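Engineer: sharing a model that was predicted from the sequence below.
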Amino acid sequence: MFLTRIFQYIFGYVRFKAEHGSIERFINFCTKSGIKLWGIRKKNGVLYANVKAKKYKKLRTAVRKSHVRMHIVKRHGFPFIFNRYEARSGIMAGVILFLCIIIYLSCFVWTINISGNKGITTQEITQKLSDAGLKPGTFRLTLNTHQIEQEVMMKLPDLAWISINLKGSAANVELKERQYPPELVPYDEPCNVKASQTGQIIKLEAYEGMAVKKQGDTVNKGDIIVSGLIKEKSGILRIVHARAKVMAITVRTLEATENFKQSVNTDTGKNTSRYELELFGFSIPLYWGEAPQGNYTKSVNNNSLTILGAELPFGLKTYEYREYKVQQIVLNEQEATKSAQKLLNDKEKMEFSGVKILEKSYVPQKKENGITIVGHYRCEENIAYEEEIKIS
Amino acid sequence: MAHRRKKRKIVPVKIENQQKTTFMQRVAKVMELPIDLVSGMSHMELSGNREAVVDGCTSVLEFDENIVRLSVGKYIIRFNGRGLTLKELTKNSVVVEGFITSIEFVNV
C-alpha cells in the first residue's frame, strides 16, 4: 500500500468534494466509467474523495448525470509542484542539472584506499595501479578490476594476493604481501667456516664440520676456524658443509675527516611559487612562462581536498622554488671537530650493525686542511663466514 | 374385510424465500471447492470489524457515515457502523473501512 501511495504522489492526485444531487449515483457512474476513487468519506451530506490528476476532468460526465456540484479541496503530488515552478524554469533546470552532475560524477573513481601493505610502499602500489588503469578519475562502470589485479600481481612479485573492491566512488584495495620461506642450508655444497676479522675467539659453536681453532685462540682474517673436511679414524675423508657461530673480540678503527674550508648553500630569501590545479589526475597549470633557472631548490607540496577523511581527486599542487647561493666559509677547530665527530658517529651506525662495542676511544688529529678523528673500537662480534671448498 | 387405509401422500412444505442450490454449487460442495469460485458469487474478507473487502460488488446503493449498502448481484450487503468510509472503489470491488457493528445480507 505504501508503494501505491508513492506512485499516487508521483503521478499526482486531487482531493475533491461533491455535494447536492445523488452522491451514490455519482459514485456508481465513476466506477462504471473506469475511474478509480479512494479515500471516500461522507460528512454532513458532502462527499470527499481522491482521484488521479489526469482522470479529474473525466468526472464531468458523472457530475452532469448525477447533478452534483464538485470542487477541488487540495491538489497533491509532483505534477502540481512542477506546475507551481513552471514560470521559474531556472530552478527546475538547476535541480535537474544538479542531479545530472551527481549521477555523472558518481560514475568515476574518486579515491583509492590501500590497506595491508607493510614492506611495499603505498606510493609504489599507487603507481602500479595507475599504470594498470586504476587512478582517481577512472570511469568506474567499464573498469575491469580482475584484469588490473592480474597486472599488478605480475608487476609486484612480492604480493601474495590483491583485491580491488569498488564501493560507490571509492576503490578499496586490499592486499597481502608474500612471505618467503627461510633459506635452506645447501648441505650438498661443501664449505669451510673462516674468520671475517682478526681477533680472539671467546665462544665457538660448531654445528657441522671439524673445529680447527678453539676458544681463546687468536685468528687472522681469512683463517679457517671450522673445516669442512673431516678425516675419520678409519682414514676416510668426509666432506661436509661446515656451519658455526664464532664470537670473537676484535679491534677496529674508523676515521672521519672534516675540512676547515667548506662551501655551503645559503638561502637568499627569494622564493617563487607556481601552482597547478589537480583534477582527476590531470594537472592544469595556473602560471605563465618557464620555471626559474639557476640555483634553485625545488619542493613539491600536494594539497588534496578531503571530506570526512576521504581524499578527493581535486587539489592544489604547489611548486616552491627557493634561490640559494654557494658561499665559502671557514670553520674553526672546534666546529670542524664537532662536524667530524658527527660524521664518525654516522659511520659507526653504518659499519657496526650487529656488532657490540665494548670499548671506544677517539683521537683527533689536526692536519693542514682540517681535522681527522680516528676512532678505536674493541668489539664483540660473530666473525664466521662460510666459503665454498672448490674441488677440482 | 379389513378396511384398507388409503396411503397419504407426503407433500413437501415449501419454505418461502428458500434459495435453490444450483448444480455448480452442489459440485463445489462435493469437490470441497470454495463456493464463490465456481458459482460466481461475491467474495468478502473481513479484517476484524475494521475493514471489509468485497469482491463482485456491482454498485453502491447507499453511502453514509453509519450505513453502507452494496449491491452484489443476487443480494444486498448492508454494513452498519460508525465512521464508515470507502477506502478504495474500483469497478467490481470495494474496501469498506471503519468501525463495523453489523453486516446484513438481504435478498433482492
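Structural biologist: Sure, I can see it.

Engineer: do I have it right that A:Tyr9 meets A:Ile81?
Structural biologist: No: using CB atoms under 8 Å, A:Tyr9 is not in contact with A:Ile81; the gap is 9.9 Å. To be clear about C-beta, it is placed using only N, CA and C from the backbone, and glycine gets the same treatment.

Engineer: work out for me the element A:Glu24 sits within.
Structural biologist: Following DSSP states H and E, one finds A:Glu24 within helix A:23-32.

Engineer: near chain B, which residues of chain A show up?
Structural biologist: A:23-24, A:27-28, A:30-32, A:34, A:36-43, A:47 (CB under 8 Å from any CB of the partner chain).

Engineer: cutoff 6 Å now
Structural biologist: A:24, A:27-28, A:31, A:36-38, A:40-42 (CB under 6 Å from any CB of the partner chain).

Engineer: which SSE is B:Leu84 in?
Structural biologist: Going by DSSP H and E, B:Leu84 is in strand B:75-89.

Engineer: what about that strand, near chain A?
Structural biologist: Yes: contact of strand B:75-89 with chain A (CB under 6 Å from any CB) involves B:85-86, B:88-89.

Engineer: can you name the residue of chain B nearest to chain A?
Structural biologist: As assessed by CB to the nearest CB, chain A sits closest to B:Leu86 within chain B, at 3.8 Å.

Engineer: can you give me the neighbour number for the closest residue to that residue other than its chain neighbours?
Structural biologist: Nearest non-adjacent residue to B:Leu86, counting by CB to CB, 6 or more residues apart in numbering or on different chains: A:Ile40, 3.8 Å away. For A:Ile40, the count of nearby residues is 26 (other CB atoms under 10 Å in any protein chain shown).

Engineer: roughly how far does A:Ile40 sit from A:Lys203?
Structural biologist: Distance of A:Ile40 to A:Lys203, given as CB to CB, to the nearest Å: 103 Å.

Engineer: I'd like the average pLDDT over the helix or strand in which A:Ser339 is found.
Structural biologist: Using DSSP H and E, A:Ser339 sits in helix A:333-351. For helix A:333-351, the mean pLDDT works out to 89.

Engineer: and after it, which helix or strand comes next?
Structural biologist: With DSSP H and E, the next secondary element past helix A:333-351 is strand A:356-366.

Engineer: distance from that following strand to the middle of the chain?
Structural biologist: Centroid separation between strand A:356-366 and its chain, computed with CA atoms, centre = their mean, to the nearest Å, is 44 Å.

Engineer: list the buried residues of that strand.
Structural biologist: The neighbour-count check on strand A:356-366 (16 or more other CB atoms under 10 Å in any protein chain shown) flags A:Tyr362 as buried.

Engineer: same check, this time on stretch A:172-182
Structural biologist: A:173, A:175, A:177.

Engineer: looking at the residues you listed, which are in strands?
Structural biologist: A:173, A:175, A:177 (DSSP state E).

Engineer: just to revisit the earlier point, make JSON lines out of the buried residues of stretch A:172-182 and add distance to B:Val95 and pLDDT.
Structural biologist: Output for the buried residues of stretch A:172-182, formatted as JSON lines (distance: CB to CB, whole Å; pLDDT from 0 to 100):
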{"residue": "A:Val173", "distance to B:Val95": "55", "pLDDT": "93"}
{"residue": "A:Leu175", "distance to B:Val95": "59", "pLDDT": "92"}
{"residue": "A:Glu177", "distance to B:Val95": "65", "pLDDT": "91"}
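
Engineer: can you list the neighbours in contact with the helix or strand where A:Phe16 lies?
Structural biologist: Assigned by DSSP H and E, A:Phe16 belongs to strand A:13-19. With contact meaning CB atoms under 6 Å, 6 or more residues apart in numbering or on different chains, strand A:13-19 is reached by A:26, A:46-48, A:50-53, A:56, A:68-77.

Engineer: how far off centre is that strand?
Structural biologist: With CA atoms, centre = their mean, you get 62 Å for strand A:13-19.

Engineer: could I have that strand exported to PDB, CA atoms only?
Structural biologist: Taking Å, rounded to 0.1, in the frame of the first residue of the first chain, the C-alpha atoms of strand A:13-19 are listed here in PDB:
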ATOM      1  CA  TYR A  13      -3.900  13.300  -7.300                       C
ATOM      2  CA  VAL A  14      -6.800  15.600  -6.400                       C
ATOM      3  CA  ARG A  15      -8.900  15.600  -3.300                       C
ATOM      4  CA  PHE A  16     -12.400  16.900  -4.200                       C
ATOM      5  CA  LYS A  17     -15.700  17.300  -2.600                       C
ATOM      6  CA  ALA A  18     -19.100  16.700  -4.200                       C
ATOM      7  CA  GLU A  19     -22.400  17.900  -2.800                       C
END
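
Engineer: buried sites along that strand?
Structural biologist: Buried residues in strand A:13-19 (16+ other CB under 10 Å): A:13-14, A:16-18.

Engineer: and stretch A:213-228, by the same measure?
Structural biologist: Neighbour-count burial for stretch A:213-228, counted by 16+ other CB under 10 Å, picks out A:213, A:219, A:224-228.

Engineer: circling back to that earlier point, which strands border the strand holding A:Phe16, and is each parallel or antiparallel?
Structural biologist: Taking DSSP bridges as the criterion, strand A:13-19 forms sheet pairs with strand A:46-52 (antiparallel), strand A:69-76 (antiparallel).

Engineer: tell me which helix or strand A:Thr250 sits in.
Structural biologist: Here A:Thr250 is assigned to strand A:243-259, by DSSP H and E.

Engineer: chain center to that strand: distance?
Structural biologist: When distances are taken as CA atoms, centre = their mean, strand A:243-259 is centred 41 Å away from the chain's centroid.

Engineer: could you check the angle strand A:356-366 makes with it?
Structural biologist: Interaxial angle, strand A:243-259 versus strand A:356-366 (axes from the mean of the first three to the mean of the last three CA atoms, to 10 degrees): 20 degrees.

Engineer: tell me the helix or strand right after strand A:243-259.
Structural biologist: strand A:261-279.
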